[in-house]
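Peer 1: quick one, structure for this:
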Amino acid sequence: MSLSEQIDGQIMDAMKKSEAARLSVMRLLKSAVKYYQVEKKLAEVNDNDFLAVVRKQIKQRQDSVEAYKQGGRDELAAREQEELKILEEFLPPSMSESDLEQLIKETIQQLGVSSRKEMGRVMKAVNEKIAGRADGKTVSQLVQKNLV
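Peer 2: Below you'll find the model as predicted:
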């Protein structure tokens, strides 16, 4: 079952169970996927594109949580946190930091990179290998740490 079909199924489940928060998030996610499909002029959205949309939605929620907390709006931050948990269900399991660091070291060795000037090459190669199983900020920090 594709991830888009999973959304449709979860929308139906949320309606049957009267889960307003889940229903709202699923509808917003379906809309974001459709918008992405139209924007990129794709006939169909594959799972990698779907995960990119989910990551973007997660990033938006994380930014909102920070903004709401800084503004003293804890009730809105809590609602965004709840939506964030629902969205995270669609992500593949995360890599441990030790596995990620090992992968980065192997990639650096394979590419023969020795300076930070070539960090972009390493980041591109690593991001292709991890396929969204790690946060970009964490990957960047570990690459910088390993490129001395």
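Peer 1: what number of residues lie near the nearest residue to Ala20 once chain neighbours are set aside?
Peer 2: When the adjacent residues along the chain are set aside, Ala20 lies closest to Ala14, with 8.0 Å between them (C-beta to C-beta, 6 or more residues apart in numbering). Any C-beta I mention is one placed from the backbone N, CA and C, and that applies to glycine too. For Ala14, the count of nearby residues is 19 (other C-beta atoms under 10 Å).
Peer 1: thought Ala14 was touching Met26?
Peer 2: Yes. With contact defined as C-beta atoms under 8 Å, Ala14 counts as touching Met26 (5.9 Å).
Peer 1: returning to that earlier point: and whichever strand or helix holds the residue nearest to Ala20, what does it pack onto?
Peer 2: Assigned by DSSP states H and E, Ala14 belongs to helix 3-17. Applying 3 or more C-beta pairs under 8 Å, 6 or more residues apart in numbering; DSSP states H and E, we find helix 3-17 packed against helix 20-40, helix 47-70.
Peer 1: kindly report the domain assignment for the protein.
Peer 2: 3-88, 97-146 (automatic domain parsing).
Peer 1: need these in JSON lines with mean pLDDT, can you?
Peer 2: Converted to JSON lines, those look like this (pLDDT from 0 to 100):
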{"stretch": "domain 3-88", "mean pLDDT": "92"}
{"stretch": "domain 97-146", "mean pLDDT": "87"}
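Peer 1: contact partners for the residue nearest to the spatial centre of the chain?
Peer 2: The chain has Arg55 as the residue nearest its centroid, 2.5 Å off, counting by C-alpha atoms, centre = their mean. Contacts for Arg55 (C-beta atoms under 8 Å, 6 or more residues apart in numbering) come out as 91, 132.
Peer 1: what's the distance between it and Arg116?
Peer 2: Going from Arg55 to Arg116 by C-beta to C-beta, to the nearest Å gives 26 Å.
Peer 1: Ala32 too?
Peer 2: Relative to Arg116, Ala32 is positioned 35 Å away (C-beta to C-beta).
Peer 1: and these two? Which one has more around it.
Peer 2: Using other C-beta under 10 Å as the criterion, Ala32 and Arg116 rank with Ala32 on top: 16 against 12.
Peer 1: which residues sit in contact with the residue nearest to the more buried one when sequence neighbours are not counted?
Peer 2: In space, and not counting its chain neighbours, Ala32 is closest to Val53: 5.2 Å by C-beta to C-beta, 6+ apart. Contact analysis of Val53 by C-beta under 8 Å, 6+ apart lists 29, 32-33, 36, 45.
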